[in-house]
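Engineer: Sequence below, structure please.
(2 chains)
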Amino acid sequence: MTGRQGDSGRLAIVDSLLCAGCGNCVSVCPVKAANISSATDEAIEAQIRAALGHPVTLSPCHLVTPSSPHPVLLFACEWSGYSAAELAGARGLTYPANTRVIRVNCTGRLQPGLLLKALELGAAGVMVLGCAPGVCHYERGNERAAAVFEQTNALGRLMGLDTRIALKWIPADDGEQFARTVNEFVENVIREA
Amino acid sequence: MVFLDTTLEQTIHTSGILRCLECGKCTAICPIARYDGGFSPRVTVGRALTQRDNELLDDDRLWTCLNCFQCSQVCPANIDYSALTLAVRTQARKRGQAALCTHGEAIHVWMRMMTQPELKQDRLGWLSPISDFRFSIFDSSPATRHSAHDTLFFAGCAPYYDALFAPLGIAGASVAQASLRILNALGIEPQILAGERCCGHDLLWEGDVDRFLQLARLNAEMIRASGVKRIISACPECVRALKVDYPAFGVRLGVEVVHLSELLADSNSKLKISNRKSKMVTYHDPCRLGRHLGIYAAPRKALEQLGYQVVEMRHNRRNATCCGTNGWTHCGAANKAIQVQRLREAKATGADVLVTACLKCQIHFKCALMDQQMADEIGIEMVDWSELVVGWV
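Structural biologist: Residues are numbered from 1 along each chain as shown, chains lettered A, B, ... in the order given. Next comes the predicted model:
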């Protein structure tokens, strides 16, 4: 966790030992004053680009066509959605090959801009997989995730993209639910495309 | 203002900086310079004059100017500082530099997505809650063409701000609804573009001329096809872009562009003076409506005719300070300080309500009040101008 020094010279000090690592501070800050070294905007954007077959540069000016048809990005919480994805893999469950999982410490780290950017860059669908209400690893990160999703979905509706955005709560120990949820979403995205 | 000359060398001539007297009035009045000692319009002009282009382009502060026009207004040599800002930003972008986006880049993403001609928006949801609105929707299908209505209501990005800034309590839909209700009350049944795009204002002032032009051309195509003779908008930035910037960049609409307040001022007789309301209000001039377009009296007149007592802040009309942030980039301590100072002025008037006439001003002010200490000290009720004026209907 780092802070950007304000022009006034005053600086909020963050004690990194007390930081739980959820990254929700980055999500709520409108002016990019907060950052988390393990999941900067740049790092997440690089993963989005890589998953969509773009050259991993950070210039938004030069967009290229994605390589695979209907790529779907899954932003999965380290403590729930991602564990469930691993479990689905370990149990040999199948889900569509055009999905790519991007692991985040907490889905409350995400922002409408990041999710919409994935669609801008050519994702056919974007799904956020987080901890169910009441069992968030960071206590309230999923509330933030729900708020981010609401904003993103409202914007998506205006641009006719809302069928391509979803938020689901996945228990960490439920590989079946992960596979089923992802299958349903991808089917829906392809049907709407 | 000449916008088309984007090379720095040409801008030295067209912006008038050769006339600089080095008096420093620009820096003295600059709201950013007041709180950020590292920013000075005078120094920027000096660098441009001596053609120290690298110093100009490598300075991160090239993105901090608000284009609020305070400096050009007081400049005794009549220098168009914003033309220089625009030229520097355009050049910087060409070198791969970019402004630091705020709000997680969401606004930039939607502005960029709107440049895609195939984007199918569903942006008219704000119309559905109210059944007695009179309007016609223009989309590009032939069936809706040749509407008899010669006025277009350009709603602007209010529905988008609604979606993103709902947590701040921003009611973009109600601003759009109020504007349409006012038009209906004036006997105007406007057309509304189903595929309306962002006007491109913010991208232009960031130096992204290419995308600005893409948006301008998409809007112009629809506007021409709709056959309207007049565009009315309640958004100061849309009016500025459509009226001034589109033609300056060769996108000619060939129609009149009017701000809603001007229209109301012209239809004087229809707006009845009502009993004095108990509320005392203060009006914040948006830079685009005020200094950019010279509209100061019309919005105040409407409020006064409705019986509101309009009290002025210390800085008002031509001297009104900016809300502190103009686009959606480079917001920091200086910007917040400007917002806080402006809110202090509003509070000091003793007014019950701070009337804003640009959704962005309201968003920025409310953002500053997210700080609970600030909210306790200088919190004030904020209402959009159109939401107050619609009370007359």
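Engineer: Okay, strands next: where are they in chain B?
Structural biologist: Secondary structure of chain B (DSSP state E): strands at B:136-138, B:151-154, B:191-193, B:230-233, B:256-259, B:280-284, B:309-310, B:353-356, B:381-384.
Engineer: nearest to residue A:187, of those?
Structural biologist: strand B:136-138 (32.7 Å; C-beta to C-beta). C-beta coordinates here come from the backbone N, C-alpha and C atoms, glycine included.
Engineer: wait, what's in contact with the most centrally placed residue in chain B?
Structural biologist: With distances taken as C-alpha atoms, centre = their mean, residue B:237 lies nearest the centre of chain B, 3.0 Å away. Residues near residue B:237 by C-beta atoms under 8 Å, 6 or more residues apart in numbering or on different chains: B:156, B:199, B:201, B:202, B:288, B:358, B:360.
Engineer: again, 10 Å this time
Structural biologist: Going by C-beta atoms under 10 Å, 6 or more residues apart in numbering or on different chains, residue B:237 touches B:156-157, B:198-202, B:204-205, B:245, B:286-289, B:292, B:326-327, B:358-360.
Engineer: Give me the pLDDT for the residue nearest the centre of chain A.
Structural biologist: Nearest to the mean C-alpha position of chain A, counting by C-alpha atoms, centre = their mean, stands residue A:75 at 3.4 Å. Looking at residue A:75, its pLDDT is 98.
Engineer: Check for me that it belongs to a strand.
Structural biologist: Yes - the assignment for residue A:75 is a strand, going by DSSP: H, G, I helix; E, B strand; the rest coil.
Engineer: need the contact list for it.
Structural biologist: So, once contact is read as C-beta under 10 Å, 6+ apart, residue A:75 ends up touching A:44, A:47-48, A:81-82, A:101-104, A:107, A:109-110, A:114-115, A:118, A:126-130, A:145, A:167.
Engineer: In helices only, show me those residues.
Structural biologist: The helices, defined by DSSP state H, take in A:44, A:47, A:48, A:81, A:82, A:114, A:115, A:118, A:145 from the contacts of residue A:75.
Engineer: so how many other residues sit close to the nearest residue to the fourth one once chain neighbours are set aside?
Structural biologist: It stands for residue A:81. The shortest distance from residue A:81 to any residue other than its chain neighbours is 2.8 Å, reached at residue A:129 (C-beta to C-beta, 6 or more residues apart in numbering or on different chains). The tally of other residues near residue A:129 (other C-beta atoms under 10 Å in any protein chain shown) stands at 27.
Engineer: Please tell me I have it right and residue A:129 contacts residue A:149.
Structural biologist: No - assessed by C-beta atoms under 10 Å, residue A:129 is found out of contact with residue A:149, at 11.2 Å.
Engineer: Next one: residue A:3, what pLDDT does it get?
Structural biologist: 46.
Engineer: meant to ask about residue B:236, not that
Structural biologist: pLDDT, residue B:236: 98.
Engineer: Next one: it from residue B:289, what distance?
Structural biologist: From residue B:236 over to residue B:289 the distance is 4 Å, taken as C-beta to C-beta, to the nearest Å.
Engineer: do the same with residue B:347
Structural biologist: Taking C-beta to C-beta, one finds residue B:347 at 22 Å from residue B:289.
Engineer: the more surrounded of those two?
Structural biologist: residue B:289 (28 against 16).
Engineer: mind listing the strands in chain A by residue range?
Structural biologist: A:2-3, A:34-35, A:72-77, A:99-104, A:125-130, A:165-169.
Engineer: returning to what we had before: and chain A, which of the contacts of residue B:237 reach it?
Structural biologist: Residues of those in contact with chain A (C-beta under 10 Å from any C-beta of the partner chain): residue B:157.
Engineer: what about residue B:230, neighbour count?
Structural biologist: 14.
Engineer: let me fix that: residue A:34
Structural biologist: For residue A:34, the count of nearby residues is 18 (other C-beta under 10 Å).
Engineer: ok, the closest residue to residue B:343 other than its chain neighbours - contacts?
Structural biologist: Sequence neighbours aside, residue B:378 is the residue nearest to residue B:343 in space, at 4.5 Å (criterion: C-beta to C-beta, 6+ apart). Residue B:378 sits next to B:339-348, B:365, B:368-369, B:371 when contact means C-beta under 10 Å, 6+ apart.
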